[in-house]
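Peer 1: Have a look; sequence and predicted model below, questions after that.
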Amino acid sequence: MDYFIELFCSGLSRGAIYALIALGYTMVYGIIGLINFAHGEIYMIGAFTSFIVATVLSILGFPLLAIVALSGVAAAVWASAYGYTIEKIAYKPLRHAPRLSPLISAIGMSIFLQNYVLLAQTSDFLPFPELIPDFEFMEPIAHIVGSSDIVIFITTAVVMAVLTYVIKFTRIGKAMRATAQDRTMAMLVGINVNNIISATFIIGSALAAIGGLLIASHIGQINFYIGFLAGIKAFTAAVLGGIGSIPGAVLGSFILGLTESFATGYVSSDYEDVFAFSLLVLILLFKPSGLLGKAETQKV
Amino acid sequence: MSNPILQVSGLTMDFGGIRALNKLDLDVHAGEIVALIGPNGAGKTTFFNCVTGIYTPTAGDVLMTRPGDKKPISLKGLKPNYVTQKGLARTFQNIRLFSKMTVLENVMIGRHCRTKAFILGAVLRNASTRREEQQIAEMSYSLLEKVKLADLANELAENLSYGAQRRLEIARALATEPHLLLLDEPAAGMNPQETQALIELIREISSDGQAILLIEHDMKLVMALSDRIYVMDYGKKIAEGNPEQIRTNPEVIKAYLGEDVDA
Amino acid sequence: MFSLKTLRTGVLISLWFVFLTFPLMVIKVDPLERIIQWRWKNALLVGIGTFLIYLVVQYLNYRKEHQPPAKVEDTKDQVSFIHKFIADPIQRKLLFGGLLVIAAIFPFVVSTYQTNIMITALMYVVLGLGLNIVVGMAGLLDLGFVAFYAVGAYSYALLNHHFGLGFWEVLPIGGGLAAIAGILLGFPVLRLRGDYLAIVTLGFGEIIRLVLENWSEFSKGPSGISNISRPGFLGMELSLEGSILYMYYIMIAFMIFTIFVVNRLQDSRLGRAWIALREDEIACQAMGIDKQKTKLAAFSLGAFWAGLMGVIFAAKTTFINPASFTFLESAIILSIVVLGGMGSIVGVIIGALVLILLPEYLRALSEYRMLAFGAILVAMMIFRPQGMIATVRRTYRFQKK
Ligand SMILES: Nc1ncnc2c1ncn2[C@@H]1O[C@H](COP(=O)(O)OP(=O)(O)O)[C@@H](O)[C@H]1O
Ligand SMILES: [Mg+2]
């Protein structure tokens, strides 16, 4: 039973991380209908930035709390800056191009960013500083739930709450929803669509960066290639939930996290990634609109 | 009297909560030119999409009786390519040409469903494939002559003027040898001279016995060509008759001009 | 041409990029030794580099805007020099004959090492032409192309290892198995929208690779399969040099065969249907084209070609393992097609030669190879989506009535 709970908890924290990344896919897709292939790399860059900042600060002797706060902020700021810039360079000029063009551009961007980090830093796995200490009060249940699982869980919950508030109640959130529904209409009622698209990329990137920071300190190492797999898995989660739907992305992420956790725990860990890919292929085949997405007929 | 070529009954189409078509009935007989008119958003294009298999209608039936057949066949739920193969071809309101292909090739695409060569034929280029290719090219070219685009045969379709693109769409649809030709606003965006030329073109096509169902806003064209007219509004049929009857129908005038104008 | 305002914008953009790349380009930490390295020079390089790229882009935009717009009659002049050159049958025969002679004597002029590189380049030409059918003509973004390549390679490796089958026997089997895999995958996935298709094929490619890595009883796992036989010549075993030479001529023949087939397909009934499908799926179906069947033909034909090349790859290297079949391999082939020109045979050939030979000969650049491939994909989409050598459609002549 303990093993089951352990798998369940690790599945939930996995799911929480996927959710942070999946939201970026789903929000961007909702607004411009593009699968932002480079989103996994944004997450990787977030993790790298937090790694660099945290290590520098720890060498300089900062206290742990300051390291956590500053590296988190740095990761979010730079990841957002990358997200913003990528949209301006690689997607904006292609807004009226044939559908495959921005997708190819996104794939190119993803390859470029991976190799950029590889060349600017290293191809080795780097040990990520332990930002989340083992809490004392967790000791009695530490063999089932790790402290970092709890931190991941709470952070994700807070982030989701803030995001929900932003999207539901703020001006920018309303403008985003309007743009997602009908871009031309949104433009006609005076919404600056370019700004809204940029804002979407910025918010999605910041979320991914937080996810990057959390998972890196949870797993304890990073390299330039972590974005590829995480990206595909988060995308799987987004599609599972119904791409374009924000609650769908969260739901899909938890389902994927739990599935993976139980499958590797009870079946085999060799095929960990095969599960995710197979799930992706199966959903797209049998329910491409996902659990909470709506099927649309293309207007002719 | 023989069965109509196209017999649509009770056709209904819902999009989420919107009922775009509401129990529509419509017939087209051999050799006829029938017009479908109505204000923007009335559901005319949706009607075409349901008949040609691009949308699957929520309810109702679409029957087709090909010349020589005794019994009608149902087109409802068939994929668009099968509908075309059975003998229905259409043009699109917002032009959908293959823009990176030449004008001639666009028409040659229309011959696809009447020809056979596949991978082996293409690679081996045997005698029957060569003959088939020759026939495809020649028939396509003669259709281009018919729509007065022969001089531009080797241009890319995207380089044509608006009016020429609309005529190319007609030629492309004719290349599939349809029993019934569906035209969705063929005169949209044309100047008066082009519209006049189009009227003559449609007359010429019709004079070969081709049945035509057309959607159009240009009343001059509709009145000049149509044997019968259907009028729809909010997804419903509100009137049906010959041009003279429609011209004087108070319902129609109300639908077009709004409630507060005395008819 | 460059106003003060554009220059100022350029400076601001450069500063933005200096900021953007600051943590990754300037700071390098060693967490074990606890050393921080500040590479300020990189910040300067990024700033200057960005500014120069900005100026080039501005200049290109300026030229584009100040060129008179092309008129319909001018489109013939935009056709690339190569296509104009080979439009004339005599010139075409001369060119092809010349190239054939060069290709025939090439291995006797250069070293074995260089012949070997050329074989690799020719393999990418053929792979590019194969993917060109799928992506360039039919518009199906297949990111799992390498999976079919792997099917071919493992077919030969395993059949050779377990049953001692030879190269020429397995060549059609490898291609056939890959084509069957293509049909099996294609049946369900070709219904999907373009972008989903890309992701599913990517996922499929990764599944194949992961299975090869983990199913050791079948594939020997990550350590791979070695001692695969080279192709024998009329039953004779060849020396290493001899077999490289032989491999080279096989590849030349193969490339000619591929060009012949693709060229015939491109102006056939099927080829037109592919291009129409790429241009507008709905109109295409409305013209009576069976979408599923047409896509499946392209997809499985591309897979067939990848399978054939997989067999050749296994025979050439005599050793394969799953690391040769990563997504990056698919990305390289895609870059070849995109750089050369989607749908363009001449373009893909030149694209493959440039992208594969350039990094081989400019060793200093080879480190930046993948970086450049990524940048090429982005830049081509933005500045020249038709590729280096745009495809030209066949023209027909008729007697006026
Ligand atoms: N794919 C679709 N999804 C949702 N609504 C649609 C779709 N296609 C058409 N409609 C709606 O159906 C109605 C009729 O549209 P349409 O048939 O294009 O009208 P018309 O051609 O008569 O101008 C409109 O309200 C339109 O918004
Ligand atoms: Mg309409």
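Peer 2: Sure thing, it's come through. Ligands and ions are numbered 1, 2, ... in the order given.
Peer 1: give the contact list for the residue lying closest to C:Leu357 once chain neighbours are set aside.
Peer 2: Leaving aside its chain neighbours, C:Leu357 sits nearest to C:Ala121 (5.3 Å; criterion: C-beta to C-beta, 6 or more residues apart in numbering or on different chains). Where C-beta positions appear, they are placed from N, C-alpha and C, glycine not excepted. The contact partners of C:Ala121, by C-beta atoms under 8 Å, 6 or more residues apart in numbering or on different chains, come to C:Ala352, C:Leu353, C:Ile356, C:Leu357, C:Glu360.
Peer 1: who wins for most neighbours among those?
Peer 2: When the contacts of C:Ala121 are compared by neighbour count (other C-beta atoms under 10 Å in any protein chain shown), C:Ala352 ends up highest, at 28 neighbours.
Peer 1: who touches the host helix or strand of C:Val348?
Peer 2: Using DSSP states H and E, the element containing C:Val348 is helix C:345-361. For helix C:345-361, the external contacting residues (C-beta under 8 Å, 6+ apart) are C:80, C:82-83, C:86, C:117-118, C:120-121, C:124-125, C:127-129, C:132, C:136, C:259, C:262-263, C:266, C:332, C:335-341, C:365-366, C:369, C:373, C:376, C:387-391.
Peer 1: Next secondary structure element downstream of that helix?
Peer 2: Taking DSSP H and E, what comes next after helix C:345-361 is helix C:363-366.
Peer 1: does chain A sit close to that following helix?
Peer 2: No. Using C-beta under 8 Å from any C-beta of the partner chain, helix C:363-366 stays clear of chain A, coming no nearer than 12.1 Å.
Peer 1: How about stretch C:45-58?
Peer 2: No. If you take C-beta under 8 Å from any C-beta as the test, stretch C:45-58 misses chain A, and the best it gets is 9.8 Å.
Peer 1: so who does the residue of chain A found nearest chain B touch?
Peer 2: Using C-beta to the nearest C-beta, the single residue of chain A nearest to chain B is A:Val300, 5.4 Å away. Listed by C-beta under 8 Å, 6+ apart, the contact set of A:Val300 reads B:Thr45, B:Asn49, B:Ile54, B:Tyr55, B:Phe92, C:Ile282.
Peer 1: What is the neighbour count of the residue of the stretch 301-401 of chain C found nearest ligand 1?
Peer 2: The stretch 301-401 of chain C approaches ligand 1 most closely through C:Pro385 (28.3 Å), counting by C-beta to the nearest ligand atom. Other residues lying near C:Pro385 total 18 when counted by other C-beta under 10 Å.
Peer 1: what about B:Leu88, distance to B:Asn106?
Peer 2: Separation of B:Leu88 from B:Asn106 (C-beta to C-beta, to the nearest Å): 19 Å.
Peer 1: now do A:Ala22
Peer 2: If you measure A:Ala22 against B:Asn106 using C-beta to C-beta, the figure is 42 Å.
Peer 1: now swap in A:Arg99 and tell me
Peer 2: 21 Å.
Peer 1: I'd like to know which residues of the stretch 101-250 of chain B are adjacent to ligand 2.
Peer 2: Selection of the stretch 101-250 of chain B residues close to ligand 2 by C-beta under 5 Å from the ion yields an empty set.
Peer 1: Now for the chain, the helix or strand with the poorest mean pLDDT.
Peer 2: Just so you know, I chose chain A. Across the helices and strands of chain A, mean confidence by mean pLDDT, DSSP states H and E is lowest for helix A:272-286: a mean of 82.
Peer 1: Wait, chain C was what I had in mind.
Peer 2: In chain C, the helix or strand scored least confidently by mean pLDDT, DSSP H and E is helix C:75-78, which has a mean of 53.
Peer 1: got the buried residues for the helix or strand just after that one?
Peer 2: The C-terminal neighbour of helix C:75-78 among helices and strands, as given by DSSP H and E, is helix C:81-87. By neighbour count on 16 or more other C-beta atoms under 10 Å in any protein chain shown, the buried set for helix C:81-87 is C:Ile82.
Peer 1: pLDDT averaged over the helix or strand containing C:Leu127, what's the number?
Peer 2: Element membership for C:Leu127 (DSSP H and E) is helix C:112-131. For helix C:112-131, mean pLDDT is 94.
Peer 1: what's the closest non-adjacent residue to B:Glu204?
Peer 2: B:Lys146 (7.3 Å).
Peer 1: Tell me how many other residues surround that neighbour.
Peer 2: Applying other C-beta under 10 Å, we find 17 residues neighbouring B:Lys146.
Peer 1: same thing with the one 5 residues further on?
Peer 2: For B:Asp151, the neighbour count with other C-beta under 10 Å is 11.
Peer 1: tell me the SS of it?
Peer 2: Put simply, B:Asp151 is helix when judged by DSSP: H, G, I helix; E, B strand; the rest coil.
Peer 1: Need the pLDDT of it.
Peer 2: Confidence at B:Asp151, expressed as pLDDT, is 93.
Peer 1: and chain B, what are its domains?
Peer 2: Following automatic domain parsing, chain B resolves into domains at B:6-87+B:178-257, B:100-162.
Peer 1: now those as a markdown table including distance to A:Phe262?
Peer 2: Formatted as a markdown table, the domains of chain B follow (distance: least, C-beta to C-beta, whole Å):
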| stretch | distance to A:Phe262 |
| --- | --- |
| domain B:6-87+B:178-257 | 37 |
| domain B:100-162 | 46 |
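Peer 1: Select, out of those domains, the one closest to A:Ile255.
Peer 2: Evaluated over these, closeness to A:Ile255 peaks at domain B:6-87+B:178-257, with 26.4 Å, by C-beta to C-beta.
Peer 1: Quickly check: the closest one near ligand 1 or not.
Peer 2: Yes. Counting by C-beta under 6 Å from any ligand atom, contacts between domain B:6-87+B:178-257 and ligand 1 involve B:Phe15, B:Ile18, B:Ala20, B:Gly38, B:Asn40, B:Gly41, B:Ala42, B:Gly43, B:Lys44, B:Thr45, B:Thr46.
Peer 1: Pick out whichever of the residues you listed sits closest to B:Ala173.
Peer 2: Distance to B:Ala173 across the residues of domain B:6-87+B:178-257 next to ligand 1 (C-beta to C-beta) is lowest for B:Thr45, with 15.3 Å.
Peer 1: Run the contact check for the helix or strand hosting the closest one versus chain C.
Peer 2: B:Thr45 is located in helix B:44-51, with elements delineated by DSSP H and E. No. Judged by C-beta under 8 Å from any C-beta, helix B:44-51 makes no contact with chain C; its nearest approach is 9.5 Å.
Peer 1: Can you give me the neighbour number for the closest residue to ligand 1 within chain C?
Peer 2: Across chain C, the shortest distance to ligand 1 (C-beta to the nearest ligand atom) belongs to C:Ile282, at 11.6 Å. Using other C-beta under 10 Å, C:Ile282 has 15 other residues around it.
Peer 1: residues contacting it?
Peer 2: Neighbour list for C:Ile282: A:Gln298, A:Val300, B:Ile54, B:Pro80, B:Arg96 [criterion: C-beta under 8 Å, 6+ apart].
Peer 1: Name the member of those with the most neighbours.
Peer 2: Neighbour-wise, the contacts of C:Ile282 (other C-beta under 10 Å) top out at B:Pro80, 26 neighbours.
Peer 1: can you give me the helices for the stretch 101-250 of chain C?
Peer 2: Taking DSSP state H, counting those that start in this stretch as the criterion, the stretch 101-250 of chain C carries its helices at C:112-131, C:145-163, C:167-189, C:194-214, C:216-219, C:240-266.
Peer 1: Understood, closing this out.
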